[in-house]
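Engineer: next input, structure requested:
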Amino acid sequence: ILSVDNSISCLSCHRQEAAFSDAGQVVSTGVQGRMGTRNSPPVFNMAWNRSFMWDGGVNHIEVMPFAPITDPLEMDEDLNNVIQKLNAHAVYPGLFKELFDRSPIDDQQLFLALAQYMGNLVSADSPYDRHMTGAGSLRPNEINGLALFRANCGTCHAEPLFTDQGFHNNGLDTDFADHGRYRITQDPADMGRFKVPTL
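Structural biologist: Numbering: from 1, shown residues only. From the prediction side, this is the model:
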């Protein structure tokens with residue numbers, strides 16, 4: 001019910017089986033089959049992010065959902081309509097009342113609930129994590145792979161979150177259909193730079 005026609009949910013583009021991303025899609029698909037301009041980024045380990053979206057256009061986890069909810073190519077909904085639909089729902093008013101001890105549901109409660117959910121999607125029990133905490137060990141070929149990764153990829157995909165939180169141009173393009181970080185900063189040096197995704 002966060003989308004204008006109730007057809008698209010967050011899970012539509014942030015699929016759990018794809019590490020809460022839209023893997024395999026060039027761009028994500030929104031309401032009424034509208035094609036977006038970018039692929040949905042992964043939604044895990046977000047509690048440690050300093051910025052959100054591929055261009056860093058959102059700087060706080062609590063307001064991040066506003067962008068896809070209101071984007072015409074994604075959910076295309078008005079926030080006031082979302083709040084009305086939540087308050088008219090058979091289940092949500094009781095859940096929000098239990099959680100926040102007030103009613104009716106408002107946008108602050110919606111964004112806090114979504115931020116708490118996203119902040120709790122944590123990747124912390126992989127073989128790598130167990131190796132780093134001493135709770136497990138990697139096989140010799142995995143140790144070799146980790147050394148190779150650190151030497152060739154670790155600058156941008158820095159441990160432990162496998163991102164330096166920065167914006168980089170991977171050098172594949174020189175003519176940009178999507179201007180990336182430049183769209184936010186208007187700094188020519190940011191042309192074609194995008195947020196380094198976690199791995």
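
Engineer: give me the most central residue, this protein.
Structural biologist: Val43 (3.7 Å; C-alpha atoms, centre = their mean).

Engineer: contacts only, for that residue.
Structural biologist: Contact partners of Val43, counting by C-beta atoms under 8 Å, 6 or more residues apart in numbering, are Cys10, His14, Phe20, Ser21, Met118, Leu121. From N, CA and C alone the C-beta is placed, and that goes for glycine too.

Engineer: pLDDT score for it?
Structural biologist: pLDDT for Val43: 91.

Engineer: look up how far His60 lies from it.
Structural biologist: 15 Å (C-beta to C-beta, to the nearest Å).

Engineer: go on, Pro72?
Structural biologist: 22 Å.

Engineer: ditto for Leu11
Structural biologist: From Leu11 to His60 the distance is 22 Å (C-beta to C-beta).

Engineer: also Ser3?
Structural biologist: Distance from Ser3 to His60, by C-beta to C-beta: 22 Å.

Engineer: neighbour count for those two, which is higher?
Structural biologist: Shown here are Ser3 and His60; by other C-beta atoms under 10 Å, Ser3 has more neighbours (21 against 12).

Engineer: quick check: closest non-adjacent residue to the more buried one.
Structural biologist: Nearest non-adjacent residue to Ser3, counting by C-beta to C-beta, 6 or more residues apart in numbering: Met75, 3.9 Å away.

Engineer: element containing the one you found, please.
Structural biologist: Taking DSSP states H and E as the definition, Met75 sits outside all helices and strands.

Engineer: need the contact list for it.
Structural biologist: Leu2, Ser3, Val4, Ile8, Gly30, Val31, Pro68, Ile69.

Engineer: just His179 next, same as before
Structural biologist: Taking C-beta under 8 Å, 6+ apart as the test, what His179 contacts is Met191, Gly192.

Engineer: what's the answer for Met118, then?
Structural biologist: Met118 neighbours (C-beta under 8 Å, 6+ apart): Val43, Met46, Ala47, Ile61, Met64.

Engineer: any idea how far Leu199 is from it?
Structural biologist: Distance from Met118 to Leu199, by C-beta to C-beta: 18 Å.

Engineer: same thing with His131?
Structural biologist: 15 Å.

Engineer: tell me the pLDDT at Ser12?
Structural biologist: Ser12 is assigned 95 on the pLDDT scale.

Engineer: that one: neighbouring residues, count only.
Structural biologist: Ser12, neighbours per other C-beta under 10 Å, totals 18.

Engineer: do the same with the one 10 residues further on
Structural biologist: A total of 20 residues lie near Asp22 under the criterion other C-beta under 10 Å.

Engineer: skipping adjacent residues, who's closest to it in space?
Structural biologist: Ser40 (4.0 Å).

Engineer: and that neighbour, how many residues sit next to it?
Structural biologist: 24.
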